[in-house]
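*Asks:* sequence and computational prediction follow.
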Amino acid sequence: MNLLSESNLPFAIGDLQGCCGELQLLLKAIRYEEHNRPIWFAGDLVNRGPKSLQTLRVLMGLGERASVVLGNHDLHLLAMAAGIRKPKSNDTAVEILAAPDGHQIIDWLRKQPLAIYSNNYLMVHAGLYPWWTVQQLLTLTKEVETELASDHWATFLSKLYGNTPARWQDELEGAERTRFIINACTRMRFVDTLGNLELDTKESALQLPAGYAAWFSHPNISALETTVIFGHWSTQGLLLNKNVIGLDTGCVWGGKLTAVDLSNRKLTQVNCAQHQVPG
């Protein structure tokens, strides 16, 4: 659980998606070389941006100072490495698979967590499923992390694509259980009053699919004493509420790359080139 002192709370940084130049500018802007503060990264480290390979090398080079959570694009890269998913037309992370250190990078990536928790701050790529407690989330994500770090990780990943089951039940087992955990942690945006995920709509919370609400609008989230930090939702953009911080500010789409200092909520942002056009 790695408790941090209040004076050494981390910076949290949103989705990188292979935008290594912007990452290096942001690290310089927060003066990371002048202090020894931890840095948390909200997932979707790779893909769509132009320098996924360099991005992961930079993160690995930060050593113990960097803590990352896996996003859906990071899992997609692992699935490509396992030979169970083919590259999409706008994928840019394929270069990692051909790199001389590609095997080491993939091994490092698959051993990263789905969630980080310390000092009442929780980071998870898509957010906290409102029907789970923080401790339940950490217990469930450990199930997935153990499998990804194992020798049979490729077989494990091969069973986990799809949108069902849409709703959590404690009695779920096998692939259905782990598929829901991964979907909730890396793909979730909208949920209905029964806890069903809607995984197709990518618009902001201002354009709700009928019968659904943004996960962070649920009363269970509002009542949390923990602050949830997430990325994943570029159309939602920056969100700085008392107990919810959204940091995907659309870097790869020509937006900004954002860091927040968790000790004082101060924002640091850099402008980003438009590497992808929404379509």
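*Replies:* Received the coordinates, thanks.

*Asks:* report the buried residues of the lowest-mean-pLDDT helix or strand in the chain.
*Replies:* None of the helices or strands of the chain scores lower by mean pLDDT, DSSP states H and E than helix 219-222, at a mean of 90. By neighbour count with 16 or more other CB atoms under 10 Å, helix 219-222 contains the buried residues residue 221. Yep, even glycine has a C-beta here, placed from its N, CA and C like the rest.

*Asks:* run through who's touching whichever helix or strand comes after that helix.
*Replies:* As assigned by DSSP states H and E, the chain's next helix or strand after helix 219-222 is strand 227-230. Identification of contacts with strand 227-230 by CB atoms under 8 Å, 6 or more residues apart in numbering yields 12, 40, 42, 120-128, 216, 221, 242-248, 260, 262.

*Asks:* just those residues: which are in strands?
*Replies:* Cross-referencing these against strands under DSSP state E gives 12, 40, 121, 122, 123, 124, 244, 245, 246, 260.

*Asks:* so which of those residues is the most crowded?
*Replies:* Of all the ones in strands among the contacts of strand 227-230, the highest neighbour tally under other CB atoms under 10 Å goes to residue 124, namely 30 neighbours.

*Asks:* could you check the pLDDT of the nearest residue to residue 217 once chain neighbours are set aside?
*Replies:* In space, and not counting its chain neighbours, residue 217 is closest to residue 205: 6.9 Å by CB to CB, 6 or more residues apart in numbering. For residue 205, the model assigns a pLDDT of 82.

*Asks:* same question, residue 118
*Replies:* 95.

*Asks:* neighbours around it, how many?
*Replies:* 17.

*Asks:* check residue 277 too.
*Replies:* As a burial measure, residue 277 scores 8 neighbours (other CB under 10 Å).

*Asks:* in the sheet, who's paired with the residue nearest to it when sequence neighbours are not counted?
*Replies:* Nearest non-adjacent residue to residue 277, counting by CB to CB, 6+ apart: residue 253, 7.7 Å away. In this entry, residue 253 is beta-bridged to residue 274, by DSSP bridges.

*Asks:* who's in contact with residue 253?
*Replies:* Residue 253 makes contact with 234, 272, 274, 275, 276, 277, 278, according to CB under 8 Å, 6+ apart.

*Asks:* these two touch, right, the second one and residue 251?
*Replies:* So that's residue 272. Yes - assessed by CB atoms under 8 Å, residue 272 is found in contact with residue 251 at 4.0 Å.

*Asks:* which stretches in this protein count as strands?
*Replies:* Here the chain has its strands, by DSSP E, at 11-13, 39-41, 66-68, 115-118, 121-124, 190-192, 197-198, 212-214, 227-230, 239-240, 244-246, 256-261, 266-271.

*Asks:* tell me the average confidence for the third one?
*Replies:* In this case it means strand 66-68. 97.

*Asks:* pLDDT below threshold where in this protein?
*Replies:* Scanning the chain for pLDDT under 70 picks out 1-7, 279.

*Asks:* what are the ranges of the helices in it?
*Replies:* For the chain, the helices defined by DSSP state H occupy 20-29, 52-61, 72-81, 94-98, 102-109, 134-148, 153-158, 174-186, 219-222.

*Asks:* what is in contact with residue 272 and residue 251 at once?
*Replies:* 19, 22, 257.

*Asks:* ok, those vs residue 78, which is closest?
*Replies:* Residue 78 lies nearest to residue 19 out of the shared contacts of residue 272 and residue 251, by CB to CB, at 19.9 Å.

*Asks:* dump the residue contacts of that closest one.
*Replies:* So residue 19 contacts 49, 50, 51, 55, 251, 252, 257, 272, 273, 275 (CB under 8 Å, 6+ apart).

*Asks:* do you know how far the nearest residue to residue 250 once chain neighbours are set aside is from residue 177?
*Replies:* Closest residue in space to residue 250, ignoring its immediate chain neighbours: residue 234 at 4.0 Å, by CB to CB, 6+ apart. Per CB to CB, to the nearest Å, residue 234 is found 29 Å from residue 177.
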